[in-house]
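Colleague: Any chance you could fold what I've pasted below:
(one chain, ligands or ions: 1)
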Amino acid sequence: MRSGFAIRPSSAPLLTADQPLLRRSRGTINRPIRATTPSPCLRLTTALAVRSDFQPDEARVPAALQLPVPPVSNFKIALCQLLVTPDKERNIARARKAIEEAAGRGAQLVLLPEIWNSPYSNDNFPVYAEDIEGVGDAAPSFSMLSEAARSLQITIIGGSIPERSGDRLYNTCCVFGTDGKLLGKHRKIHLFDIDIPGEISFKESNTLTAGKDATIVDTDVGHIGIGICHDIRFPELAMLYAARGAHLLCYPGAFNITTGSLLWELMQRARAADNQLFVATCSPARDTGACYIAWGHSTLVGPIGEVIAMADHEEAIIVEEVNYSLTELRRSHLPLEQQRRGDLYRLVDVHRLNSRGL
Ligand SMILES: NC(=O)CCC(=O)C(=O)O
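Modeller: Model (predicted):
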């Protein structure tokens with residue numbers, strides 16, 4: 001272990017590719033529904049009626065895009081669960097070291113936590129914010145990520161940092177390609193405003209402005225839909241990414257210890273299972289002395305909602321394989337896309353509808 005990060009072996013997938021998806025021996029799955037076979041004529045009528053009613057293509061407006069062939073069939077992803085301190089320089093140096101270690105362990109994609117360069121608080125956001133369109137010293141976190149991606153020739157989803165743009169602040173995730181260029185930028189679209197008396201009260205909207213765009217980035221390791229923490233609670237965003245042909249969803253996130261235990265894993269597994277794709281999350285490590293205590297437990301989830309690897313709450317680097325053939329396999333077992341009821345419900349991708357042909 002070169003850097004002193006705790007490395008936790010990944011837990012085994014709940015199901016592997018050669019295991020049956022559903023248990024066969026119990027329940028009603030294999031039981032005949034009818035005691036008698038209906039006449040061929042009746043069967044044909046039923047089949048036609050079902051087909052014309054279902055309209056699966058219309059359940060996504062515009063219609064879902066075909067899943068593009070990914071540029072790689074499998075690759076290693078690293079989730080760098082970092083301890084965040086008030087010392088910004090230290091945070092940047094520590095993140096750089098973690099990225100290098102992850103690349104040394106074969107990661108082609110590195111994911112960092114939400115707000116990793118600053119303590120997570122409304123007082124600190126303006127102090128640690130960077131103007132990522134500025135040059136040189138204006139954005140040391142941004143510059144480090146770009147340099148690391150280029151020199152290590154990996155893709156980096158740079159967690160998030162407070163971004164200053166004019167007189168506004170955003171919670172922003174920058175994605176860098178293997179040449180160090182910025183491929184895309186996601187500004188958190190669902191701000192985290194919560195008030196559970198006696199437990200937790202936090203209002204990101206006191207200092208931050210919500211982003212206006214869903215962000216899907218075309219990288220060397222596939223089409224990646226980006227959300228930041230609270231964004232994961234909104235299934236529509238993940239569905240929209242899936243309909244735009246995402247291979248993987250990445251959520252830098254800092255759930256808290258009140259909601260984290262019940263919901264952090266559940267949200268990730270639900271987004272993965274709903275959409276039959278991989279979901280990766282990355283949290284800061286837990287610091288019980290901090291004003292906001294992160295839940296930790298950065299996770300990689302596979303396309304039936306199975307946990308492939310999960311950190312505990314201390315600092316750690318998880319390096320794990322993403323194998324896209326599993327996505328194809330799961331979708332062939334259970335073709336949800338063809339079973340949708342466009343006659344009953346629809347998801348409208350407003351931007352794609354308006355811009356036609358995204
Ligand atoms: N930083 C966040 O968005 C936290 C979200 C969270 O904890 C939740 O319960 O939602």
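Colleague: If you count neighbours, what's buried in stretch 72-91?
Modeller: 75-84, 88, 91 (16 or more other C-beta atoms under 10 Å). (Each C-beta comes from the backbone N, C-alpha and C, glycine too.)
Colleague: Could you tell me how many residues sit around the residue of the stretch 51-200 of the chain found nearest the ligand?
Modeller: At 3.4 Å from the ligand, Phe192 is the closest residue in the stretch 51-200 of the chain, using C-beta to the nearest ligand atom. Using other C-beta atoms under 10 Å, Phe192 has 23 other residues around it.
Colleague: coming back round to it: which of the buried residues of stretch 72-91 lies closest to Ala311?
Modeller: Gln81 (4.8 Å; C-beta to C-beta).
Colleague: Now the closest one. Its backbone dihedrals?
Modeller: Torsion angles at Gln81 (phi, psi; degrees, to the nearest 10) stand at phi -90, psi 100.
Colleague: Bridged to it, which residues?
Modeller: Under DSSP bridges, the beta-bridge partners of Gln81 are Ala316.
Colleague: That one against Ala309, yeah?
Modeller: No - judged on C-beta atoms under 8 Å, Gln81 makes no contact with Ala309 at a distance of 11.3 Å.
Colleague: Find residues that contact each of these two.
Modeller: Ile318 (C-beta atoms under 8 Å, 6 or more residues apart in numbering).
Colleague: and the residue nearest to the spatial centre of the chain, bridged to which residues?
Modeller: Nearest to the geometric centre of the chain sits Cys250, at 2.3 Å (C-alpha atoms, centre = their mean). When assigned by DSSP bridges, Cys250 has beta-bridge partners Ile226, Ala280.
Colleague: Just the pLDDT for Val50.
Modeller: With respect to pLDDT, Val50 scores 51.
Colleague: circling back to that earlier point, quick check, the residue nearest to the centre of the chain in contact with Val221.
Modeller: No - Cys250 is not in contact with Val221 according to C-beta under 8 Å; the separation is 10.5 Å.
Colleague: on that earlier part again, let me see the contact set for the residue of the stretch 51-200 of the chain closest to the ligand.
Modeller: 202, 204, 229-230.
Colleague: As a check, name the ranges of all helices in the stretch 201-350 of the chain.
Modeller: Remark: helices assigned in the stretch 201-350 of the chain by DSSP state H, counting those that start in this stretch are 235-243, 260-275, 325-333, 336-339, 350-355.
Colleague: Can you report how many residues neighbour Ser52?
Modeller: By other C-beta under 10 Å, 9 other residues sit near Ser52.
Colleague: Where does it fall, secondary structure wise?
Modeller: Assigned by DSSP states H and E, Ser52 falls within helix 40-54.
Colleague: Can you identify the element that follows that helix toward the C-terminus?
Modeller: strand 60-61.
Colleague: list the helices and strands that following strand packs on?
Modeller: Packing partners of strand 60-61 (3 or more C-beta pairs under 8 Å, 6 or more residues apart in numbering; DSSP states H and E): strand 347-348.
Colleague: Need the contact partners of the strand it packs on.
Modeller: Here strand 347-348 has contacts from 59-61, 236, 239-240, 243, using C-beta under 8 Å, 6+ apart.
Colleague: at 10 Å instead, please
Modeller: If you take C-beta atoms under 10 Å, 6 or more residues apart in numbering as the criterion, strand 347-348 is touched by 59-62, 64, 235-236, 239-240, 242-243, 340.
Colleague: Weed out the non-buried ones from the residues you listed.
Modeller: Here, 16+ other C-beta under 10 Å leaves 59-62, 64, 239-240, 242-243, 340 buried among these.
Colleague: Give me the pLDDT for whatever residue of the stretch 251-358 of the chain ends up closest to the ligand.
Modeller: The nearest approach of the stretch 251-358 of the chain to the ligand comes at Thr259, 3.3 Å away (C-beta to the nearest ligand atom). pLDDT for Thr259: 97.
Colleague: now swap in Arg90 and tell me
Modeller: Taking Arg90 on its own, its pLDDT is 98.
Colleague: Tell me how far the residue lying closest to Asp287 once chain neighbours are set aside lies from Glu265.
Modeller: In this structure, Asp287 finds its nearest non-sequential neighbour in Leu83, 6.2 Å apart by C-beta to C-beta, 6 or more residues apart in numbering. Plainly put, Leu83 is 21 Å away from Glu265 if you go by C-beta to C-beta, to the nearest Å.
Colleague: now swap in His223 and tell me
Modeller: 24 Å.
Colleague: now Gly253
Modeller: 11 Å.
Colleague: More neighbours: which of these two?
Modeller: A count of neighbours by other C-beta under 10 Å puts Gly253 above the other of Gly253 and Glu265, at 30 against 19.
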